[in-house]
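Enquirer: give the three-dimensional model of this entry:
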Amino acid sequence: MMPSTAVDLLKSLCRVVVMLVAVAVGLPPARAELRIGEIRMQTTHITPEVAQQALEEFKKACAPLFNEHAPDVVSVRVTASDGLMPRAVQWGWGVEIEVQVKLKDVVPTFDPDIWASGHTLWYFLGGGAKPGFQAQKRVSLRACGLTSYDEARQEFVGLPALGALLPGPERPVSADVMKHATDTENAWKAEYWGQRNVAYCYMTGCGGLSPVDLKMGCAWRLVIVKSGGSLMAEVDRKNFELDCGRANSAGQLPAAITEAKKIFRKIYSKEMP
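Expert: Got it, this is the predicted structure:
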């Protein structure tokens with residue numbers, strides 16, 4: 001009887017021979033099956049069956065990822081939740097489905113210029129007023145066989161079929177909620193007024209639109225001052241001194257500075273001066 005290591009080696013050699021023979025006679029390579037685990041349900045507004053239908057529609061729209069690129073995928077995680085994020089509020093989504101796709105470190109099915117190795121791809125699906133999905137970064141869109149990409153708004157791809165599956169919010173969203181969602185999105189795009197409004201809401205709560213968070217309010221005030229934008233005024237320095245003084249009194253200044261550095265780096269792609 002051969003040792004187990006020898007048996008394993010023989011099996012591996014056999015698989016290689018089968019592949020070489022298939023190539024030699026022109027047989028198509030076996031298609032890898034991309035297995036997707038159970039959808040995590042964090043909402044009661046749709047059933048798992050409806051979430052699965054929505055996922056199937058997305059797979060059609062992003063066919064290359066789930067077909068030719070399947071051998072390069074490590075895992076796929078899908079979560080359905082209530083539409084509470086700013087993008088969901090802005091687009092009138094009552095439910096949001098998050099699709100997280102982890103790629104291998106070596107991805108031979110992708111073109112080298114995509115730089116897909118080791119990436120985690122993020123997609124967000126919704127129906128309601130604006131059915132479609134958002135690709136979180138350029139490589140996510142390219143993996144779907146799509147090429148247009150606007151980094152400032154993180155590409156939105158319309159998908160009407162989701163409108164019949166995923167609902168909008170149960171009640172109309174107030175103008176104040178919409179404005180706060182827009183301000184939050186704009187703040188991350190380095191828009192001055194968005195950053196000022198987000199900082200203010202963290203310090204005051206804005207009538208329940210935002211949690212009161214002295215650390216985050218101070219962090220955004222610091223980002224505004226350090227960005228040195230053309231619209232920055234003396235009042236911004238005074239707001240920084242006042243709000244970060246409050247954070248300091250609460251023992252949260254060091255954490256606020258750390259958070260400001262993270263925010264600054266993410267928005268401006270450089271270290272905070």
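
Enquirer: where along the stretch 151-273 of the chain do the strands fall?
Expert: Along the stretch 151-273 of the chain, counting by DSSP state E, counting those that start in this stretch, strands occupy 156-158.

Enquirer: low pLDDT regions in it?
Expert: 151-154, 171-174, 207-208 (pLDDT under 70).

Enquirer: helices of that one, start to end?
Expert: In the stretch 151-273 of the chain, the helices defined using DSSP state H, counting those that start in this stretch lie at 175-187, 192-204, 214-227, 234-249, 253-268.

Enquirer: can you list these in a markdown table and add mean neighbour count?
Expert: Heads up, the C-betas are built off the backbone N, CA and C, glycines and all. As requested, the helices of the stretch 151-273 of the chain are exported to a markdown table (neighbours: other CB atoms under 10 Å):
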| stretch | mean neighbour count |
| --- | --- |
| helix 175-187 | 17 |
| helix 192-204 | 20 |
| helix 214-227 | 24 |
| helix 234-249 | 15 |
| helix 253-268 | 16 |
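
Enquirer: adding distance to residue 147, write the ones you listed out as a markdown table.
Expert: Below are those laid out as a markdown table (distance: least, CB to CB, whole Å):
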| stretch | distance to residue 147 |
| --- | --- |
| helix 175-187 | 24 |
| helix 192-204 | 29 |
| helix 214-227 | 31 |
| helix 234-249 | 39 |
| helix 253-268 | 25 |
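
Enquirer: identify whichever of those lies nearest to residue 72.
Expert: Smallest distance to residue 72 across those (CB to CB): 27.1 Å, for helix 253-268.

Enquirer: thinking again about what came up before, right, and the helices of the stretch 151-273 of the chain - which one's nearest residue 98?
Expert: Closest of the helices of the stretch 151-273 of the chain to residue 98 is helix 175-187, at 17.3 Å (criterion: CB to CB).

Enquirer: which other residues reach that closest one?
Expert: Contacts with helix 175-187, where a contact means CB atoms under 8 Å, 6 or more residues apart in numbering, come from 86-87, 89-90, 193-195, 197-198, 201, 206-207, 209-210, 220.

Enquirer: give me phi/psi at residue 104?
Expert: phi -70, psi 160 (degrees, to the nearest 10).

Enquirer: now swap in residue 81 and tell me
Expert: Torsion angles, degrees, to the nearest 10, at residue 81: phi -140, psi 170.

Enquirer: which one of the helices of the stretch 151-273 of the chain lies nearest to residue 73?
Expert: Here helix 253-268 is closest among the helices of the stretch 151-273 of the chain (CB to CB), at 26.3 Å.

Enquirer: who touches that closest one?
Expert: By CB under 8 Å, 6+ apart, helix 253-268 touches 188-190, 214-216, 218-220, 222-223, 226-227, 244, 247, 270-272.

Enquirer: skipping adjacent residues, who's closest to residue 108 in space?
Expert: residue 72 (7.0 Å; CB to CB, 6 or more residues apart in numbering).

Enquirer: return the residues in contact with the one you found.
Expert: By CB under 8 Å, 6+ apart, the contact set of residue 72 is 103-104, 106-110, 116.

Enquirer: which other helices and strands does the helix or strand that contains residue 41 contact?
Expert: Element membership for residue 41 (DSSP states H and E) is strand 40-42. Judged by 3 or more CB pairs under 8 Å, 6 or more residues apart in numbering; DSSP states H and E, strand 40-42 is in contact with strand 73-82.

Enquirer: just checking, next helix/strand downstream of the strand it packs on?
Expert: helix 86-91.

Enquirer: I'd like the next helix or strand past that next one.
Expert: According to DSSP H and E, the helix or strand after helix 86-91 is strand 95-103.

Enquirer: residues making contact with the next helix or strand after that next one?
Expert: Counting by DSSP H and E, the element after strand 95-103 in chain order, helix or strand, is strand 120-126. Defining contact as CB under 8 Å, 6+ apart, one finds that strand 120-126 is touched by 54-55, 58, 62, 65, 83, 85, 87-88, 91, 93, 95-103, 132-137, 139-140, 143, 159, 162, 166.

Enquirer: please, a PyMOL command that selects the buried ones among the residues you listed?
Expert: Here is the PyMOL command that selects the buried residues among the contacts of strand 120-126 (16 or more other CB atoms under 10 Å):
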select buried, resi 54+55+58+62+65+83+85+87+88+91+93+95+96+97+98+99+101+103+132+133+134+135+136+137+139+140+143+159+162+166
